[in-house]
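Visitor: give me the fold of what follows.
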Amino acid sequence: MLLVMGVVNTTPDSFTDGTLDPDAAIALGLQLWKDGADILDVGGEATNPKATPIDADEELRRVLPVVRALAAAGARVSIDTTKAVVARAALAAGATIVNDVSGGLWDPEMPAAVGGATYIAGHLRGGSLAEVFTAEAPASWREVADELAARIAPFRDVWVDPGLGFGKGAGDTNLELIRRAGDLGRALGKPVVVGPSRKRFLRRLLLADERTLGGSAAAGRRGPIDATPLQLDAASVAACLAAVTHGASVLRVHNVALLRAALAVYTRL
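Guide: This is a model prediction of the structure:
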């Protein structure tokens, strides 16, 4: 199994994209589906360090029209949420997968809400996003496996996600989790989802390489230097290909077309 999951953010504070306009989110989802996404992952609450928490009512208002429209169009839809009430409503609206970055840690009602649907258990530590990013620390793949093993027990059909970027500290830790995707999957006996797309650790790697930003020419630029969107998407594809090499089964990305182009060649080499 090798699946591509396209990101559809219905938020104003996602770190690289997002929209509160349902029509725009639906159009994005349909384009990602056309570009080759096997799954469209709809999220209504951003999960980056600067994101503003929202209640379930607001999250439902953002995601349900998008979930309904994409499912009605025939797409396989995932709901990206940590709230059981949102998961239950999205499944009723046509989603078939629940993608929970907390792995059930933040809502004890999640197993009952998910039922027999596919559940993606993400790994993080802490009772809130603020705690996750305040207490960043490296986590070995064995620690991730052990902690996820306890969390996935109540669920029936489970995929696991090592939670790249979620309180894992420096980039090397995230890279090691990519290298150990297969070990994680074998330890838990589950397909592994990897979502490196546009994450902070990739941006840090790009900024650490002068050649990526134009070498000495970068020193003469005015204002802050940052990776371009294209550079960040290219780095995301590289991380995804490495994850496939090491045993990942599902790749979660923003730029589906770029990843599909890379996979078209990579899978034939």
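Visitor: C-alpha only now, for contacts and for neighbours.
Guide: OK.
Visitor: how about the residue nearest in space to the middle of the chain: what's its closest non-neighbour residue?
Guide: Nearest residue to the geometric centre of the chain (CA atoms, centre = their mean): Gly195, 4.2 Å. Nearest residue to Gly195 in three dimensions, chain neighbours excluded: Arg252, at 4.6 Å (CA to CA, 6 or more residues apart in numbering).
Visitor: which helices and strands does the helix or strand where the one you found lies pack with?
Guide: Arg252 belongs to strand 250-253 when elements are defined using DSSP states H and E. In this structure, strand 250-253 packs against strand 3-9, strand 193-194, with contacts taken as 3 or more CA pairs under 8 Å, 6 or more residues apart in numbering; DSSP states H and E.
Visitor: most tightly packed of the ones you listed?
Guide: Highest mean neighbour count of the helices and strands packed on strand 250-253: strand 193-194, a mean of 28 (counted as mean count of other CA atoms under 10 Å).
Visitor: what's it packed up against?
Guide: The contact analysis (3+ CA pairs under 8 Å, 6+ apart) places strand 193-194 against strand 157-161, strand 250-253.
Visitor: tell me the mean pLDDT for stretch 33-53?
Guide: Averaging pLDDT along stretch 33-53 yields 91.
Visitor: cool, stretch 161-169 as well?
Guide: 92.
Visitor: shouldn't Leu184 be in contact with Arg142?
Guide: Yes. If you go by CA atoms under 8 Å, Leu184 and Arg142 touch, sitting 7.4 Å apart.
Visitor: tell me which of these two has more neighbours.
Guide: For Leu184 versus Arg142, neighbours defined as other CA atoms under 10 Å are more numerous around Leu184 (27 against 14).
Visitor: who is Trp159 paired with across the strands?
Guide: Using DSSP bridges, the beta-bridge partners of Trp159 come out as Ile120.
Visitor: that one: what's it in contact with?
Guide: Counting by CA atoms under 8 Å, 6 or more residues apart in numbering, Trp159 touches 118-121, 190-193.
Visitor: redo that, cut-off 6 Å
Guide: Neighbour list for Trp159: 120, 190-192 [criterion: CA atoms under 6 Å, 6 or more residues apart in numbering].
Visitor: kindly report the same for Ala71.
Guide: For Ala71, the contact set (CA under 6 Å, 6+ apart) comprises Gly94.
Visitor: measure it to Leu148 for me?
Guide: 29 Å (CA to CA, to the nearest Å).
Visitor: try Ala238
Guide: 26 Å.
Visitor: what's the pLDDT at Phe15?
Guide: 66.
Visitor: any idea how many residues pack against Gly163?
Guide: Neighbours of Gly163 (other CA under 10 Å): 23.
Visitor: Arg260 - how many residues pack around it?
Guide: Neighbours of Arg260 (other CA under 10 Å): 16.
Visitor: ranges for the strands of this protein?
Guide: Along the chain, the segments classed as strands by DSSP state E run 3-9, 39-43, 77-80, 97-100, 118-122, 157-161, 193-194, 250-253.
Visitor: show me what the second one is in contact with.
Guide: Under the criterion CA under 6 Å, 6+ apart, residues 5-10, 76-80 lie in contact with strand 39-43.
Visitor: just the buried positions in the worst-scoring helix or strand of the chain on mean pLDDT, please.
Guide: For the chain, counting by mean pLDDT, DSSP states H and E, helix 129-134 ranks last in confidence among helices and strands (a mean of 85). By neighbour count with 16 or more other CA atoms under 10 Å, helix 129-134 contains the buried residues 129-130, 132-133.
Visitor: and for stretch 27-43?
Guide: Neighbour-count burial for stretch 27-43, counted by 16+ other CA under 10 Å, picks out 28-30, 32-33, 35-43.
Visitor: including distance to Asp17, could these go into a markdown table?
Guide: Below are the buried residues of stretch 27-43 laid out as a markdown table (distance: CA to CA, whole Å):
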| residue | distance to Asp17 |
| --- | --- |
| Leu28 | 11 |
| Gly29 | 13 |
| Leu30 | 16 |
| Leu32 | 14 |
| Trp33 | 17 |
| Asp35 | 17 |
| Gly36 | 19 |
| Ala37 | 17 |
| Asp38 | 20 |
| Ile39 | 18 |
| Leu40 | 15 |
| Asp41 | 14 |
| Val42 | 13 |
| Gly43 | 12 |
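Visitor: many thanks, we can stop here.
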